[in-house]
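Trainee: Just need the structure, nothing else, for what follows:
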Amino acid sequence: MKWRTYLSLARRIAKRTFYVIACSIGIYFAIVLVGLLPVNNDFLESDQGVEIWVISNAVHSDFVLPLETEWMDWREYFSSDSFTKPLSEMTHCAIGWGDRGFFVETPTWADLKIATAVNALAWPSGSCVHVDLTKIEHLQNAVSVRISVQQYKDLVAYVQKSFRLENGKPIRIANAGYGDTDAFFEARGTYHVFNTCNCWIGNGLQAAGVRTGWFTPLPKTVFLHLPK
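Mentor: Predicted coordinates:
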C-alpha cells in the first residue's frame, strides 16, 4: 500500500537526518576539543603596559579596554553623539562583536526568541559591534591580563578592523541600544558557528600575542588559558 511506502520513506529520511545532525554535532565538538590547544605559549604578562579585561556571560564575551591611554583614546574614535551618557563619566568600554539579529533584538534573556537563536547558529548572518561604557567596579565574571604597549596597539588595531567606518568614524546603528551607556555599530565579518562572538575574542587575544586556544567558539574556552 502507498501509505506503507510513504511511511518507510519517511523513516529512512528521519534516520538519515538524525545521523547527519549527530555527526555534525560530533565533528563540531571534536574541533572544539582540538581548539583547546593553546597558541602563543611564550606569552608572559607585562610588568608595565596596559591592563585589559575579558568578561563573559553564559554565551557571550567582551573585551574591556581603558577609554583613554597614551596610545589610544576611544573617546576620540567614536562620534560625540554615539552615546547618551557622556563618555567623561566612565573609565572603560566593553567591546564585543556578534550576530546582529541576536545582539540588537535580545537586550535581556526574556527577549530571546528561538528563531533568533536558530538563525544565529544555523547559517551565516550579518554582524555588528556592541560598545558599552563602564567602570572597573561594575565588571562581573572578569579576568584581567596586563599586556605590553605593542600588544595593546595590536589589539586596538584588531578591534578597529571590525568596525565599518564613515568619514573615519564607526557607523552607529540607529535606534539600537540597551540603555544610555551603550550603542551598536555596523561591523565587518559574517557570524556563524565557526566564527562566533567568542571566536572574535580569541582571535583578538591571538593577534595581541596572548596565550589562548586556537579556536574559542564558547565563552569558557576564551578563559581557559588566561592568567588566573
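Trainee: domains for this protein, by residue range?
Mentor: For the chain, automatic domain parsing gives the domain ranges 1-35, 39-223.
Trainee: In this structure, where is pLDDT below threshold?
Mentor: Counting by pLDDT under 70, the chain contains low-confidence ranges at 1-35, 106-122, 228.
Trainee: Centroid-nearest residue for it?
Mentor: Cys197 (2.5 Å; Cα atoms, centre = their mean).
Trainee: Settle this for me: that residue is touching Ser61, isn't it.
Mentor: Yes: with contact defined as Cβ atoms under 8 Å, Cys197 reaches Ser61; the gap is 6.3 Å. C-beta here means a position set from N, CA and C on the backbone, and glycine is covered the same way.
Trainee: Can you pull the residues that touch both of those two?
Mentor: Gly96 (Cβ atoms under 8 Å, 6 or more residues apart in numbering).
Trainee: Figure out the helix or strand that the nearest residue to Val54 once chain neighbours are set aside lives in.
Mentor: Nearest residue to Val54, sequence neighbours excluded (Cβ to Cβ, 6 or more residues apart in numbering): Val143, at 5.3 Å. Taking DSSP states H and E as the definition, Val143 sits inside strand 142-147.
Trainee: who touches that strand?
Mentor: With Cβ under 8 Å, 6+ apart, strand 142-147 has contacts from 45-55, 64, 155, 208-210, 223, 226-228.
Trainee: Can you classify the closest residue in space to Asp180 that isn't next to it in sequence by secondary structure?
Mentor: Excluding the flanking residues, the one nearest Asp180 by Cβ to Cβ, 6+ apart is Thr84, at 3.8 Å. Classification of Thr84 by DSSP: H, G, I helix; E, B strand; the rest coil places it in coil.
Trainee: Now do the strands in the protein.
Mentor: 38-39, 50-56, 61-66, 92-99, 127-134, 142-147, 165-166, 169-170, 182-186, 212-213 (DSSP state E).
Trainee: how about the ones you listed, which one is nearest Ala176?
Mentor: Distance to Ala176, taken as Cβ to Cβ, is lowest for strand 182-186 among the strands of the chain, at 4.2 Å.
Trainee: Output the contacting helices and strands for the closest one.
Mentor: strand 127-134 (3 or more Cβ pairs under 8 Å, 6 or more residues apart in numbering; DSSP states H and E).
Trainee: Next, the angle strand 61-66 makes with the strand it packs on.
Mentor: Interaxial angle of strand 127-134 relative to strand 61-66 (axes from the mean of the first three to the mean of the last three Cα atoms, to 10 degrees): 50 degrees.
Trainee: Buried ones in strand 127-134, by neighbour count?
Mentor: Ser127, Cys128, Val129, His130, Val131, Asp132, Leu133, Thr134 (16 or more other Cβ atoms under 10 Å).
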